[in-house]
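Student: Sequence and computational prediction follow.
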Amino acid sequence: MASFGIATGGAASEAAETVVPGLIEERFASRLSAQDDSLWGEEAQPEASVRLGWVHPAAASRPLVEPILALRDELRAQGVDRVVLAGMGGSSLAPEVITATAGVPLTVLDSTDPGMVRNAVAERIEATVVVVSSKSGSTLETDSQRRIFEAAFAEAGIDATRRIVVVTDPGSPLDASAREAGYRVFNADPNVGGRYSALTAFGLVPSGLAGVDILTLLDDAEATEEELAEDDDANPALLLGAAMAGTTPLRDKIVIVDEGSGLAGFGDWAEQLVAESTGKHGTGVLPVVAAAGDADAVSGWDDVLLVRLVDDLDAATSDAAVRDQVVLSGSLGTQFAVWEHAVAVAGRLLGINPFDQPDVEAAKVAARGLLEATPEPEAPLAVDGAVELRASDSIAADVKDLTSGLRALFGALGEDGYVAVQAYLDRVALAPLAEVRAPLAAAVRRPVTFGWGPRFLHSTGQYHKGGPAQGAFLQISAQDGEELAIPGREFGFGTLIRAQADGDAAVLTGHGLPVLRLRLTDTAAGLAQLRAALDGLA
């Protein structure tokens, strides 16, 4: 069996001792293994009945391995060795972790930022294959990315049907149109939701084409199935789920820290799984991806539980009993399986349906409305150098310049609050911006999350709107830069990403949450101003 280790301390141990016996008594683990859709209550049953295919992924996914590897070999024989993944949320986060952990290059295009899209299309188009991944087949971002790559292949004299591979659910609009157009299509298991799809076609096709040993990934996950099905107090999913959602009072922020686990970017995948699965109906668990030593990782705040990802469990747990924490070690395949089961446990303990995302659609609807109506731009409350400032009514009166705006936003934080930094910018070119998270957490003395838009809308966006009303939101977007047309659309990528930012802000404001919006008229100068202002507050 693939090795997986877990140790708990403090509040996590207390939760396990209190909660796990009840889970064992009701045979939660064995019933989940049998795909019992009644585990989350009658209201959740219709959704759960068509969302439990992830429980035994290897059996369903093994038939995919041979055709994926055959296509990889065919493409490489033609000199096609650059793989681009066009997908959002669950369609992109797992492949990003899988390939990064394996040390295999994969270009993940999960943005509508014009610069990021332009760069992805411009690089080595003659050697590129694009995987277009969309469960529903109607994701606006992915459709726009497909359109621009089709145009780029046509301009280069390349048959797009030989260079675009589609991954979607059987019977989706994309499934029908792609097959009619002659594209190669891989169908995913329709009984698996996007965020649970790491070991389905959504995770395996782009990873396998990029060169990952996907068979070992499936073997490792399958090796944990027997242990995860046991109604036993050593079941790691029961222990992790109890720690995540069974503490009293609930520690509703889990700070995920990687301490040399070898699982590159795993926290970002876990963030989506936990936030989107649990953040609804005013409850949930907020995942915060941090680094060892960051303020929110070492604070000891009463509403925070530390989750450490390590390589050597024994070496990392000498002080486990002293701290409120969970320590985990294991291969990527085992981690995927354990976390998915644990989040199902957390949903049971929180009394919510872990398979729906009722608030994700709200931001999409708002963005589409702005694209169709094209209203007059909202005048800024203030302009400070290269930064235009707008804000929700709850803090607007105090917004005079950048520093006062930040003070007003952070002043709205409650004792159990958190800050969410949301950057609708090129996450590749501007990656260092994410480094503002740690010092900001130290300055405001509360957990801080950092998300790249619009990618986080398919992830933590659900928690922001459906979870506890605790967040204060700092949104950053750009006004400068050249527009990039979307073939066949009346709007371009720049217009799209601004509509997504404005739409999300409108929904958050509608929930009565404090939002400070910074629109940069000069991205480089505006970001320099922001860093200086944050340093001043610290």
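Tutor: Here it is on my side, so go on.
Student: going forward, measure contacts between C-alpha atoms and count neighbours the same way
Tutor: OK.
Student: what's the following helix or strand after the lengthiest helix in the chain?
Tutor: Determined from DSSP state H, the single longest helix within the chain is helix 57-77. Counting by DSSP states H and E, the next helix or strand C-terminal to helix 57-77 is strand 82-86.
Student: How far off centre is that next one?
Tutor: 18 Å (Cα atoms, centre = their mean, to the nearest Å).
Student: That strand pairs with which strands, parallel or anti?
Tutor: strand 107-109 (parallel), strand 128-133 (parallel) (DSSP bridges).
Student: Highest mean neighbour count out of these?
Tutor: strand 128-133 (a mean of 26; mean count of other Cα atoms under 10 Å).
Student: Show residues contacting it.
Tutor: By Cα atoms under 8 Å, 6 or more residues apart in numbering, the residues outside strand 128-133 that reach it are 80-88, 91-92, 142, 146, 149, 163-168, 202, 205-206.
Student: got it, and stretch 38-58?
Tutor: Everything outside stretch 38-58 that qualifies as a contact, by Cα under 8 Å, 6+ apart, is 28, 31-33, 35-37, 189-193, 196-197, 199-200, 218-219, 221-222, 225, 337, 341, 347-348, 351-353, 355-356.
Student: Among those, name the buried ones.
Tutor: In terms of neighbour count (16 or more other Cα atoms under 10 Å), the buried residues within these are 28, 31-33, 35-37, 189-193, 196-197, 199-200, 218-219, 221-222, 225, 337, 341, 347-348, 351-353, 355-356.
Student: quick one: buried residues of the worst-scoring helix or strand of the chain on mean pLDDT?
Tutor: The least trusted helix or strand in the chain, going by mean pLDDT, DSSP states H and E, turns out to be helix 360-373, with a mean of 82. By 16+ other Cα under 10 Å, the buried positions in helix 360-373 come out as 360, 362-364, 366-368, 370-371.
Student: tell me which of those residues is nearest to Asn235?
Tutor: Among the buried residues of helix 360-373, Val360 lies closest to Asn235 (Cα to Cα), at 31.9 Å.
Student: Surely the closest one and His464 touch.
Tutor: No - the criterion here is Cα atoms under 8 Å, and Val360 misses it with His464 at 9.6 Å.
Student: Restricting to C-alpha, output stretch 506-521 in PDB.
Tutor: C-alpha atoms of stretch 506-521 as PDB (Å, rounded to 0.1, in the frame of the first residue of the first chain):
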ATOM      1  CA  ALA A 506     -20.800  44.000  -7.100                       C
ATOM      2  CA  VAL A 507     -21.800  40.600  -5.700                       C
ATOM      3  CA  LEU A 508     -19.500  41.000  -2.600                       C
ATOM      4  CA  THR A 509     -20.800  44.500  -2.000                       C
ATOM      5  CA  GLY A 510     -24.400  43.200  -2.400                       C
ATOM      6  CA  HIS A 511     -23.600  40.800   0.500                       C
ATOM      7  CA  GLY A 512     -22.700  43.800   2.700                       C
ATOM      8  CA  LEU A 513     -19.000  43.000   2.700                       C
ATOM      9  CA  PRO A 514     -16.300  45.700   2.700                       C
ATOM     10  CA  VAL A 515     -14.500  45.900  -0.700                       C
ATOM     11  CA  LEU A 516     -11.700  48.300  -1.800                       C
ATOM     12  CA  ARG A 517     -11.100  48.300  -5.600                       C
ATOM     13  CA  LEU A 518      -7.900  49.500  -7.000                       C
ATOM     14  CA  ARG A 519      -7.800  50.000 -10.800                       C
ATOM     15  CA  LEU A 520      -4.200  50.700 -12.000                       C
ATOM     16  CA  THR A 521      -3.900  53.100 -14.900                       C
END
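Student: What residues sit buried inside that stretch?
Tutor: Those would be 506-509, 513-521, for stretch 506-521 by 16+ other Cα under 10 Å.
Student: Most widely separated two among those residues?
Tutor: Greatest spacing in the buried residues of stretch 506-521, by Cα to Cα: Leu513 and Thr521 (25.3 Å).
Student: shaky segments in the chain?
Tutor: 1-2, 318-322 (pLDDT under 70).
Student: So what touches stretch 364-379?
Tutor: Under Cα under 8 Å, 6+ apart, the answer for stretch 364-379 is 390, 491, 495-496, 499-504, 506-507.
Student: Just the buried ones among these, please.
Tutor: If we count by 16+ other Cα under 10 Å, the contacts of stretch 364-379 have these buried: 390, 495-496, 499-504, 506-507.
Student: Flag every buried residue along stretch 380-393.
Tutor: Buried-residue list, stretch 380-393, by 16+ other Cα under 10 Å: 381-383, 386-392.
Student: Greatest separation within the residues you listed: which pair is it?
Tutor: Most distant of the buried residues of stretch 380-393, by Cα to Cα, are Ala386 and Ser392, 20.3 Å apart.
Student: is it true that Leu64 touches Ala201?
Tutor: Yes - with contacts counted by Cα under 8 Å, Leu64 reaches Ala201, the gap being 7.2 Å.
Student: Between those two, which is the more surrounded one?
Tutor: Between Leu64 and Ala201, counted using other Cα atoms under 10 Å, Ala201 has the larger neighbour count: 26 against 20.
Student: Apart from its chain neighbours, what residue comes closest to the more buried one?
Tutor: Once flanking residues are discounted, Ala201 sits nearest to Ala188: 5.0 Å by Cα to Cα, 6 or more residues apart in numbering.
Student: Tell me the spacing between that neighbour and Gly194.
Tutor: For Ala188, the distance to Gly194 (Cα to Cα, to the nearest Å) stands at 10 Å.
Student: tell me which residues of the helix or strand where Asn119 lies are tucked away?
Tutor: Element membership of Asn119, judged by DSSP H and E, is helix 114-122. Using 16+ other Cα under 10 Å as the burial criterion, the residues of helix 114-122 that qualify are 114-117, 120-121.
Student: what helix or strand does Val419 sit in?
Tutor: Judged by DSSP H and E, Val419 forms part of strand 418-424.
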